[in-house]
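K.L.:
Give me a 3D structure for the following:
(one chain, ligands or ions: 1)
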Amino acid sequence: MIPLRWRLLCGGACTHPEKVVLPTGKWKKRIFPSLFSLFEHPSYGLILFDTGYARRFIDETKRFPYRIYRMTTPVRVSEADSAVAQVEKLGYQASDIRYIILSHFHADHICGCLDFPSSTFICSQKAYQSVVGKTGLKAVQQGFIPNLLPENFASRVQFIEETQRIKVISPFNEGYDLFGDGSLIAVDLPGHAVGQIGVFFRTEQDQQIFLAADSCWLEEQYRRNSMPHALARLITDDQEAYRESLKKVHQLSVEHPEIEIIPSHCLDTWQRWKGNGEWRK
Ligand SMILES: [Zn+2]
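P.N.:
Just a heads-up that it's a prediction; the model follows:
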């Protein structure tokens with residue numbers, strides 16, 4: 001595994017009743033940050049994993065039916081929260097981002113895509129096919145807002161299914177070697193959304209990390225193998241597949257405590273990792 005320089009970043013947040021995510025929790029609101037990652041690969045340059053929210057989420061959810069999205073998950077996002085603003089703050093330009101890996105197509109993961117007009121996207125074909133061409137209510141039901149994707153997305157995407165399959169760590173059997181050098185290994189995490197993927201990698205500090213996307217929202221969930229409240233089914237694509245994916249992440253945490261698991265929306269995880277590793281251009 002080629003080590004990567006890595007920085008965990010936060011692209012805005014939303015609030016939601018805790019109980020929906022954790023049935024033993026309370027109905028009070030809890031903050032869910034939208035985490036994304038920046039990598040520097042020795043040969044492939046800068047790579048993002050997801051992009052978080054951006055201000056355009058507010059504009060794109062002014063009207064119905066997209067407003068429903070904003071009503072169910074009230075969002076806090078400033079200009080400075082966007083992925084591009086954070087990349088620039090670290091001393092780079094949008095054009096320095098060569099690849100953007102998308103875990104899935106929910107709006108809180110793809111809001112920044114339009115700010116990187118020269119990046120190549122990497123995602124699962126299944127995920128893309130499940131949203132392409134969908135608008136209005138059909139899109140909202142899948143947490144998708146079509147105007148957030150660049151019009152030329154189809155000509156800029158590489159599907160993981162076309163990359164080399166390799167055997168990976170138990171309880172995952174098979175993964176996708178995204179760059180053919182073992183630096184970033186994607187695995188399927190279906191259930192929350194069609195074709196969702198997570199990614200394994202190793203940092204320069206020799207820490208193994210698993211970016212678990214939305215296979216669980218909180219650390220408590222994968223530690224206890226705890227399914228969300230029945231209400232969350234409204235936004236879950238496939239309940240059984242969700243259960244299977246969550247179980248795998250739980251097993252990973254038990255069998256490989258040395259691997260740090262990062263769900264995309266866990267505030268505790270964010271507080272532990274924010275500002276990780278000095279990043280100088
Ligand atoms: Zn999601």
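K.L.:
helices and strands around the helix ranked longest in the chain, which ones?
P.N.:
The longest helix of the chain (DSSP state H) is helix 239-255. For helix 239-255, the contact count by 3 or more C-beta pairs under 8 Å, 6 or more residues apart in numbering; DSSP states H and E identifies strand 208-213, helix 219-224, strand 260-263 as packing neighbours. Any C-beta I mention is one placed from the backbone N, CA and C, and that applies to glycine too.
K.L.:
I'd like to know which residues of the stretch 1-150 of the chain are adjacent to the ion.
P.N.:
residue 106 (C-beta under 5 Å from the ion).
K.L.:
quick one on the thing from earlier: just say which of the helices and strands packed on helix 239-255 is most tucked in.
P.N.:
strand 208-213 (a mean of 24; mean count of other C-beta atoms under 10 Å).
K.L.:
by contact count, what packs against that strand?
P.N.:
strand 197-202, helix 239-255, strand 260-263.
K.L.:
mind putting the helices and strands packed on helix 239-255 in TSV, distance to the ion included?
P.N.:
Output for the helices and strands packed on helix 239-255, formatted as TSV (distance: least, C-beta to the ion, whole Å):
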stretch	distance to the ion
strand 208-213	7
helix 219-224	14
strand 260-263	11
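K.L.:
pLDDT below threshold where in the protein?
P.N.:
277 (pLDDT under 70).
K.L.:
Spell out the residue ranges of the helices in it.
P.N.:
18-21, 56-60, 67-72, 83-89, 107-110, 125-131, 136-141, 219-224, 239-255, 267-273.
K.L.:
ranking the ones you listed by burial, who's on top?
P.N.:
Across these, the average number of neighbours (mean count of other C-beta under 10 Å) peaks for helix 107-110, which reaches a mean of 29.
K.L.:
Output that helix as CSV - backbone C-alpha positions only.
P.N.:
Output of helix 107-110 as CSV, limited to C-alpha atoms (Å, rounded to 0.1, in the frame of the first residue of the first chain):
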residue,chain,number,x,y,z
ALA,A,107,-26.4,15.9,-2.4
ASP,A,108,-24.3,16.3,0.7
HIS,A,109,-21.5,14.4,-1.0
ILE,A,110,-21.6,16.0,-4.5
